[in-house]
Structure formats: structure tokens, C-alpha cells
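Peer 1: I need the structure of the sequence given here:
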Amino acid sequence: MKKLLKIDPHTHSNGISRCSHVTCEQIIEQKQAAGYDGAVLTNHCQEWYYPPEEHKKYIRSVIEEYRRGKAYAKSRGFRLMLGLEVTLNEPHYADWLLYGVTEKFLRATPCLYQLTQKQLFELCEKHGVLLVQAHPYRQSPCAPEYMHGVEINCSPTDLDKVEQVEAFAKAHGLMITCGTDYHGAFNPYHGGMLVPASVKTATDFAAHLRAAAKTTVFMEEDEKTYLAPRFL
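Peer 2: So this is what the prediction gives:
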């Protein structure tokens with residue numbers, strides 16, 4: 001049986017995400033110590049961080065942060081992938097994880113937090129990026145027709161909402177991802193996704209989610225497997 005890798009698809013470093021308490025390097029060290037093989041760096045893109053006219057400058061900072069982390073990850077045999085978490089206000093306040101982004105895609109985007117959910121979804125669709133609503137029951141789920149999936153979040157305040165996330169995904173034919181929303185070792189909860197060793201980049205991760213007949217997540221010591229939407 002081929003080895004599956006443990007990744008956390010939802011992490012934040014303090015060079016960009018002001019709410020985080022860890023550097024890129026510390027995320028890599030701490031995740032490796034906890035048995036992970038990789039992570040997606042999903043730093044924040046939201047309106048109270050910068051004005052719209054500074055979007056491109058901000059994105060350059062996001063990319064620079066990722067590149068520094070990627071270099072350190074490579075030196076340790078860890079897989080750090082590029083992602084983003086965008087906070088929108090339309091149709092209502094919600095956080096969105098973007099999987100499959102590239103530096104080229106990010107540099108070419110308009111100010112993402114000014115978009116509506118529909119506009120962000122259409123932009124992602126055009127470029128092969130997956131749009132997943134993060135921790136959907138911290139607020140409430142948005143329009144299912146303009147997203148690819150929903151996240152099971154492994155923070156203690158969200159684990160009691162797993163059945164709601166599963167039911168929403170099944171009702172609307174959406175994929176399920178799982179991550180920790182990692183901001184530092186003071187929150188030692190354990191969870192994420194199991195992916196094949198062929199997943200080395202953000203685009204590999206998105207391609208896997210699109211093509212796989214099923215996906216497997218883990219929450220502490222428990223594993224759960226979900227059929228892809230087209231097999232439901």
C-alpha cells in the first residue's frame with residue numbers, strides 16, 4: 001500500500017496573519033514534531049489588513065512569506081504549499097480557503113476581499129482553483145452553488161459541528177476538507193487530510209481533490225473517508 005502523507009490544509013504564520021503566534025519556520029517545526037508531512041499556508045486576505053489600492057503590495061508580502069517558509073521546509077523535507085484565506089462580506093461575512101493557487105494567479109487578482117462569493121467562485125473556476133468555506137458553522141453556510149466544498153475545522157470550538165458540515169456537504173454535493181486553523185502550539189489539536197505522496201504543490205493538492213473518488217481526513221486519532229461529490 002502506498003504511503004499517505006499527513007497534511008494540515010489550514011495554517012497561519014505571523015509574518016502576514018496578525019492573529020498567528022508562529023513564524024513559517026515554527027509551523028514547519030511544530031507540525032513535523034506532531035507527525036505531519038506537509039501543510040498549506042493559508043494566510044489572511046481581509047479588509048482590515050490593508051486598503052484596496054495596496055492589494056498587489058500585500059500579495060507580494062504573502063508570496064515572500066511563503067517563499068521563505070518553502071525554502072526552510074525544503075531543508076527539512078517538509079512540504080509547504082501556497083494557499084490563501086479570503087474574508088468576504090457578501091452575501092454575508094464568511095471566510096474562504098483557496099486551494100490550487102499559484103504565485104501568478106495571486107499577482108493577477110483584483111482586490112479579493114471586495115468580491116462577492118459568486119465573483120470569487122467564478123474567478124477561481126476560471127483558473128482551476130478550489131473555493132472551500134472555512135469553518136462554515138462559525139457563521140453560517142453560504143450559497144452552495146458558488147463553492148466547491150466546506151471544511152471540517154479541528155479546533156475545539158468547531159468539532160461539535162462535524163455532523164452539520166457533513167450533512168450540508170452531502171445535501172449539496174460538495175467536497176469536504178479538514179484542517180486545524182493553526183495559529184500556534186498553544187492550540188495542540190490534531191487533524192487534517194491524508195493525501196498521496198504525489199501531492200507536492202498547491203496545484204497537486206487541488207488536482208487530487210478534484211480527481212479522487214474519495215478523500216480521507218483525520219481528527220485526533222480518528223479517520224473518516226468521504227466519497228467525492230460525483231460519487232454521492
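
Peer 1: for the protein, which strand is longest?
Peer 2: strand 79-88 (DSSP state E).

Peer 1: please state the offset of that one from the chain centre?
Peer 2: Once both centres are worked out by C-alpha atoms, centre = their mean, to the nearest Å, strand 79-88 turns out to sit 5 Å from its chain's centre.

Peer 1: can I get that strand in CSV, CA atoms only?
Peer 2: Taking Å, rounded to 0.1, in the frame of the first residue of the first chain, the C-alpha atoms of strand 79-88 are listed here in CSV:
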residue,chain,number,x,y,z
ARG,A,79,6.0,20.1,2.1
LEU,A,80,4.8,23.7,2.4
MET,A,81,2.1,24.6,-0.1
LEU,A,82,0.7,28.0,-1.1
GLY,A,83,-2.9,28.9,-0.3
LEU,A,84,-4.9,31.9,1.0
GLU,A,85,-7.9,32.6,3.3
VAL,A,86,-10.1,35.4,2.0
THR,A,87,-12.7,37.1,4.1
LEU,A,88,-15.8,38.3,2.2
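
Peer 1: what packs against it?
Peer 2: The contact analysis (3 or more C-beta pairs under 8 Å, 6 or more residues apart in numbering; DSSP states H and E) places strand 79-88 against strand 4-11, strand 38-41, strand 44-45, helix 55-76, strand 94-99, helix 103-108, helix 117-127, helix 202-211. (Glycine included, C-beta is placed from N, CA and C.)

Peer 1: what's the closest of the ones you listed to Tyr189?
Peer 2: Proximity to Tyr189 (C-beta to C-beta) singles out strand 4-11 among the helices and strands packed on strand 79-88, at 10.3 Å.

Peer 1: I'd like the helices and strands packed on strand 79-88 written out as JSON lines, with mean neighbour count and distance to Gly191 added.
Peer 2: Putting the helices and strands packed on strand 79-88 into JSON lines (neighbours: other C-beta atoms under 10 Å; distance: least, C-beta to C-beta, whole Å) gives the following:
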{"stretch": "strand 4-11", "mean neighbour count": "24", "distance to Gly191": "7"}
{"stretch": "strand 38-41", "mean neighbour count": "28", "distance to Gly191": "12"}
{"stretch": "strand 44-45", "mean neighbour count": "23", "distance to Gly191": "20"}
{"stretch": "helix 55-76", "mean neighbour count": "17", "distance to Gly191": "20"}
{"stretch": "strand 94-99", "mean neighbour count": "25", "distance to Gly191": "14"}
{"stretch": "helix 103-108", "mean neighbour count": "15", "distance to Gly191": "26"}
{"stretch": "helix 117-127", "mean neighbour count": "17", "distance to Gly191": "24"}
{"stretch": "helix 202-211", "mean neighbour count": "19", "distance to Gly191": "16"}
